[in-house]
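> Build me a structure from this.
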Amino acid sequence: MRPTPDEYFMEIARVVATRSTCLRIHVGAVIVKNGRILSTGYNGAPYGFEHCLDIGCIREQQNIAHGTRHEMCRAVHAEQNAIIQAALHGVSIEGATIYCTHQPCILCTKMIINGKIKRVVFQNEYPDLRSMDFLKQANIEVLMMPGPKTERSMEERPLSV
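I've put the predicted structure just below:
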């Protein structure tokens, strides 16, 4: 059976997530406009920095809960990387849809709003309720898709001590 456009681009986001170098959660994002992929991103260390896969995760070492203390994380989020890649290559994302394996956090949500993305499609919830409020206030269409999850739920995922 042929996938819908949303299913197709979400599957691509799941493949992009496999490039993640985060030890806690693998996230992928794909920005699409008029049926064309504009940019992709996954979560990982900034350009030229060592990855958590190689040196460990400070958030796990300090037992920091998901959805909190984003400033403690080495990684650039998938949505941020996709937006940055579009900017680096001079590609406008205004009016686009972003497909994310996980609900965007509040930091990514603010970038999505300022990038004038009109639609967010995600599959896995993330413990950041403010992001959903911001998306609603910005009149951005949000769709949570059913389907295979890319990670166990946050409650089920054990933290390394």
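> any idea of the mean pLDDT in stretch 24-33?
The pLDDT scores in stretch 24-33 average 94.
> buried stuff in it?
Residues of stretch 24-33 classed as buried: R24, I25, H26, V27, G28, A29, V30, I31, V32, K33 (neighbour count, 16 or more other CB atoms under 10 Å). Bear in mind the C-beta positions are built from the backbone N, C-alpha and C, glycine included.
> okay, now L88: neighbour count?
9 (other CB atoms under 10 Å).
> Could you give the backbone dihedrals for it?
phi -60, psi -30 (degrees, to the nearest 10).
> go on, the one 10 residues further on?
Recorded main-chain torsions at I98 are phi -110, psi 130, according to degrees, to the nearest 10.
> Hmm, it is touching V27, no?
No: assessed by CB atoms under 8 Å, I98 is found out of contact with V27, at 11.8 Å.
> and for those two, which residues touch both?
Residues touching both I98 and V27 by CB atoms under 8 Å, 6 or more residues apart in numbering: E79.
> in the lengthiest helix in the chain, what counts as buried?
Using DSSP state H, we find that the single longest helix of the chain is helix 5-17. Residues of helix 5-17 classed as buried by neighbour count (16+ other CB under 10 Å): D6, F9, M10, I12, A13, R14, V16, A17.
> Go through these and say which is closest to P104.
Of all those, A13 has the smallest distance to P104: 12.1 Å, by CB to CB.
> Look up how far F122 lies from that closest one.
Distance, A13 to F122, using CB to CB, to the nearest Å: 9 Å.
> list residues touching both of the two?
Common neighbours of A13 and F122 (CB under 8 Å, 6+ apart) are Y99, C100, T101.
> tell me the secondary structure for the first one?
It refers to Y99. strand (DSSP: H, G, I helix; E, B strand; the rest coil).
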